[in-house]
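Chemist: pasting the sequence and the predicted coordinates here, then a few questions.
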Amino acid sequence: MSQQPFTNDFPRADIFQMISPDILHQLVKGAFKDHLVTWVEKYLRLTHRKRKAQKIMDDIDRRFATISPRAWI
């Protein structure tokens, strides 16, 4: 006997219709990745020598890579 989810008899509770793109997440991601990261890169390249700017960017990348994917949940 397979167990049904508790929402099985709920009207309009089809999980596949409930999952949709998170617009707020997409806006934050777009504002952060597309705008802020690009701006920081340009700033670092203008204020530091090429090698130093790349070292700083590599350090930022390394730090972000160590963050748990669900650190903000």
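Modeler: Received the coordinates, thanks. Residues are numbered from 1 along each chain as shown.
Chemist: which strands and helices lie in contact with the biggest helix by length in the chain?
Modeler: Counting residues, the longest helix in the chain under DSSP state H turns out to be helix 50-65. Using 3 or more CB pairs under 8 Å, 6 or more residues apart in numbering; DSSP states H and E, the elements in contact with helix 50-65 are helix 38-47. C-beta here means a position set from N, CA and C on the backbone, and glycine is covered the same way.
Chemist: residue 64 and residue 50, how far apart?
Modeler: 21 Å (CB to CB, to the nearest Å).
Chemist: which stretches of this structure aren't confidently modelled?
Modeler: The chain contains residues with pLDDT under 70 at 1, 15-21, 70-73.
Chemist: tell me, what residue is most central in it?
Modeler: residue 29 (5.5 Å; CA atoms, centre = their mean).
Chemist: got the contact list for stretch 45-62?
Modeler: 40, 41, 44 (CB atoms under 8 Å, 6 or more residues apart in numbering).
Chemist: could you verify my assumption that residue 13 touches residue 7?
Modeler: Yes: if you go by CB atoms under 8 Å, residue 13 and residue 7 touch, sitting 4.3 Å apart.
Chemist: look up how far residue 67 lies from residue 56.
Modeler: Relative to residue 67, and taking CB to CB, residue 56 is found at 18 Å.
Chemist: name the residue in the two with the higher neighbour count.
Modeler: More crowded of residue 56 and residue 67, by other CB atoms under 10 Å: residue 56, with 16 against 9.
Chemist: look up how far residue 49 lies from that one.
Modeler: 11 Å.
Chemist: same check on residue 13?
Modeler: Relative to residue 49, and taking CB to CB, residue 13 is found at 58 Å.
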